[in-house]
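>>> would you be able to build a 3D model of this:
(one chain, ligands or ions: 1)
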Amino acid sequence: MGRGGERVETQKSIATYSASKSGDIRQHGGKITWDEVRQHKTPQDAWLVYRNKVYDVSGWQDHPGGNVIFTHAGGDCTDIFAAFHPLGATSYMDPFYIGELVPGSDKKPEAQANFERAYRDLRGKLIMGGFFKASPFYYVWKVVSTVALAVGAWMLVAWSQALAIQMLSAFILALFWQQCGWLAHDFLHHQVFKERAYGDLAGIMIGNVFQGFSVAWWKNKHNTHHAVPNLVESSPDAQDGDPDIDTMPILAWSLKMADRAKEYSWGPFFLRHQAFLYFPILLVARISWLLQSFLFVFEHVPGASLWATKGATTERQAIKNVGLEKAGLLLYYLWYGALMFCNMSLPRVLIYFVASQMMCGFLLALVFGLGHNGMAVYDADARPDFWKLQVTTTRNVTGGWLIQWFCGGLGYQVDHHLFPMIPRHRLGQLHGLVESFCKEHGVKYHETSMWEGTLEVLAHLASVTKEFVTDFPAM
Ligand code: HEM
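Now for the predicted structure:
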């Protein structure tokens, strides 16, 4: 569906939604207090505050960004809304409007209010300063140089049957996938194209075809992670938790998570040894992600045709390009199979498969882990404001161009989290501004080398184990 068609579909869906709600007492019309807003915090009963206006989005499953909208139910979405949407998206909000917030009912300290204003001013300055504009040359170079890695890996396999050369090829292929991960990430955050449909198509090419991940599966998870990083959900039906730290019963990042180990027969074993098991777990992470992607795209949903998800009853209804997604994943397994079988015996194919997948899992997860693991973890009920949440749950990685290349720009994780639509090649410049802004306002800003960061992650896992086992020695 073209871009214009998509807009019309969104408008129609909002109109249908509004009509279905017209029987409710939606037009509150008057003043609403913060205490009242906070009562409406589940997907079925969701109120949002945007610039002191209150919106009722209860049960709006057709939101083009998916269920992430409900992460902020009962709260202020002003800054996270700005982080994700194109400028015109506010024009879709009117049908959801139900009233004005009573001034001062949030009891926000003046320093906090000033700080928020300053952050929003900073965003305005960045827009005016051209920070959100991508360089086409940079991204053409990134795509070409990344694809060259896959070509190199293929040539090595075709050239030699020596195990050492095949393993070198597996490593280069793993690097290719890792770099594709960062590149798809940029396109899907709409850092590159203003026209979002192009970003989605590039994402399917790099994500599904090159890397074997479903774009819709990844986007749902990743946007939710951005909205609520390191937040442990308040209840299973609230949808206010970060899926990236939902790693139980394998890894526990907080005492609250550790408590759930008791629900699984092998949970206590993992909890006791989680710092030692962290790296072995990273090795198999990619195989699990491939499987989740495949099931997400191909799982049969009753009522949905093969190439569409209209009428679907799960979060898969958010898949916009389901036909392309399916074709993309099939193409991935086709080219990957052709590469492996072009000059290798079956036993070598199996070794190559396991080696390439595990190496990539390690390369990807090492960077993911550095971004947030071992940083502050909050309960969703006690979520801090946007800026504090994004900064205190996130770690930057220092280092020269090689480290930044390896991390795909995510060495500037804090800066990226505050402004996810700013293209990767501008993050270095942005970093200076954000760092001094944090200092000026006394907000904690954390950065380490790759090595120190990894040690911090392991130390954090060990400390959760120690604290929990001290409280519950029977574990
Ligand atoms: C009344 C409130 C909201 C309205 C009317 C709304 C509307 C929209 C619209 C029209 C789009 C499509 C934009 C485009 O592609 O041009 C969109 C995308 C999106 N929205 Fe919202 N939104 C609301 C609240 C939220 C909130 C609170 C969040 C996050 C917590 C959110 C997260 C997203 C995301 C991540 C996307 C992008 C999805 C993608 O890249 O494909 N939205 N929203």
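>>> centre of the chain to stretch 229-242, how far?
Stretch 229-242 sits 14 Å away from the centroid of its parent chain (Cα atoms, centre = their mean, to the nearest Å).
>>> which non-adjacent residue is nearest Lys41?
Distances taken as Cβ to Cβ, 6 or more residues apart in numbering put Gly74 closest to Lys41, at 2.9 Å, once the chain neighbours are dropped. For the C-beta atoms, the positions are set from N, CA and C on the backbone; glycine is no exception.
>>> can you tell me how far that neighbour is from Trp47?
6 Å (Cβ to Cβ, to the nearest Å).
>>> that older thread, neighbours of the residue nearest to Lys41, how many?
Gly74 has 21 neighbours, counted by other Cβ atoms under 10 Å.
>>> with Tyr445 instead?
That count, for Tyr445 with other Cβ under 10 Å as the rule, works out to 18.
>>> shouldn't it be in contact with Gly432?
No - Tyr445 lies out of contact with Gly432 (Cβ atoms under 8 Å); the separation is 11.9 Å.
>>> quick check: phi and psi on the residue in the chain that the ligand sits nearest to?
Here the residue of the chain nearest the ligand is Gly65; by Cβ to the nearest ligand atom that distance is 2.5 Å. Per-residue torsions, Gly65: phi -90, psi 0 (degrees, to the nearest 10).
>>> pLDDT weak spots in the stretch 301-450 of the chain?
By pLDDT under 70, the weakly predicted segments of the stretch 301-450 of the chain are 301-319.
>>> ranges for the strands of it?
Secondary structure of the stretch 301-450 of the chain (DSSP state E, counting those that start in this stretch): strands at 378-379, 395-397, 446-448.
>>> now these as a markdown table including mean neighbour count and distance to Cys407?
Shown next, in a markdown table, are the strands of the stretch 301-450 of the chain (neighbours: other Cβ atoms under 10 Å; distance: least, Cβ to Cβ, whole Å):
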| stretch | mean neighbour count | distance to Cys407 |
| --- | --- | --- |
| strand 378-379 | 17 | 25 |
| strand 395-397 | 23 | 6 |
| strand 446-448 | 18 | 12 |
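>>> Serialize the ones you listed to JSON lines and add fields for distance to Leu101.
Compiled in JSON lines, the strands of the stretch 301-450 of the chain are given as follows (distance: least, Cβ to Cβ, whole Å):
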{"stretch": "strand 378-379", "distance to Leu101": "24"}
{"stretch": "strand 395-397", "distance to Leu101": "34"}
{"stretch": "strand 446-448", "distance to Leu101": "33"}
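>>> in a helix, Ala174, correct?
Yes - applying DSSP: H, G, I helix; E, B strand; the rest coil, one finds Ala174 inside a helix.
>>> neighbours around it, how many?
Neighbour count for Ala174, taken as other Cβ under 10 Å: 23.
>>> what of the one 4 residues further on?
Gln178 has 26 neighbours, counted by other Cβ under 10 Å.
>>> the helix or strand harbouring it and the ligand in contact?
Using DSSP states H and E, the element containing Gln178 is helix 163-188. No - Helix 163-188 stays clear of the ligand (Cβ under 6 Å from any ligand atom), getting no nearer than 6.6 Å.
>>> what comes up buried for that helix?
Judged by neighbour count using 16 or more other Cβ atoms under 10 Å, the buried positions of helix 163-188 are 166-188.
>>> what does stretch 334-353 give?
Across stretch 334-353, burial judged by 16+ other Cβ under 10 Å covers 336, 339-340, 344, 348, 351-353.
>>> which ones are touching Ile245?
230-232, 253, 257, 372-373, 377 (Cβ atoms under 8 Å, 6 or more residues apart in numbering).
>>> ok, back up a step: tell me the mean pLDDT for the helix holding Gln178?
In this model, helix 163-188 has a mean pLDDT of 97.
>>> likewise stretch 281-292?
On average, the pLDDT along stretch 281-292 is 89.
>>> list the contacts of it.
With contacts defined as Cβ under 8 Å, 6+ apart, stretch 281-292 is touched by 177, 212-213, 217, 250-251, 357-358, 360-362, 364-366, 369.
>>> which pair of the residues you listed spans the longest distance?
Pairwise distances across these (Cβ to Cβ) peak at 23.5 Å, for the pair Gly212 and Leu251.
>>> between those two, which is the more surrounded one?
A side-by-side neighbour count of Gly212 and Leu251, using other Cβ under 10 Å, places Gly212 first with 23 against 20.
>>> the more buried one touches Ser293, doesn't it?
Yes - taking contacts as Cβ under 8 Å, Gly212 lies within contact range of Ser293: 6.7 Å.
>>> which neighbours do these two share?
Leu329.
>>> show me what from the stretch 151-300 of the chain comes close to the ligand.
Proximity of the stretch 151-300 of the chain to the ligand, by Cβ under 6 Å from any ligand atom, involves residues 196, 223, 227.
>>> separation between the first one and Asp62?
I take that to be Arg196. From Arg196 to Asp62 the distance is 17 Å (Cβ to Cβ).
>>> quick one on the thing from earlier: may I see the contacts of Ile245 arranged in JSON lines, with neighbour count as well?
Putting the contacts of Ile245 into JSON lines (neighbours: other Cβ atoms under 10 Å) gives the following:
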{"residue": "Asn230", "neighbour count": "24"}
{"residue": "Leu231", "neighbour count": "24"}
{"residue": "Val232", "neighbour count": "22"}
{"residue": "Trp253", "neighbour count": "26"}
{"residue": "Met257", "neighbour count": "20"}
{"residue": "His372", "neighbour count": "22"}
{"residue": "Asn373", "neighbour count": "25"}
{"residue": "Val377", "neighbour count": "23"}
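>>> including distance to Leu461, could these go into JSON lines?
What follows is the contacts of Ile245, written out as JSON lines (distance: Cβ to Cβ, whole Å):
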{"residue": "Asn230", "distance to Leu461": "14"}
{"residue": "Leu231", "distance to Leu461": "18"}
{"residue": "Val232", "distance to Leu461": "16"}
{"residue": "Trp253", "distance to Leu461": "8"}
{"residue": "Met257", "distance to Leu461": "11"}
{"residue": "His372", "distance to Leu461": "13"}
{"residue": "Asn373", "distance to Leu461": "8"}
{"residue": "Val377", "distance to Leu461": "12"}
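>>> between the residues you listed, which is nearest Pro86?
Closest to Pro86, out of all of those and judged by Cβ to Cβ, is Leu231, at 25.5 Å.
>>> these two touch, right, that closest one and Asp381?
No - applying Cβ under 8 Å, one finds Leu231 not in contact with Asp381, separated by 9.5 Å.
>>> closest to Asp244 out of the contacts of Ile245?
His372 (7.0 Å).
>>> return the distance of stretch 341-351 from the chain's centre.
Distance of stretch 341-351 from the chain centroid (Cα atoms, centre = their mean) equals 35 Å.
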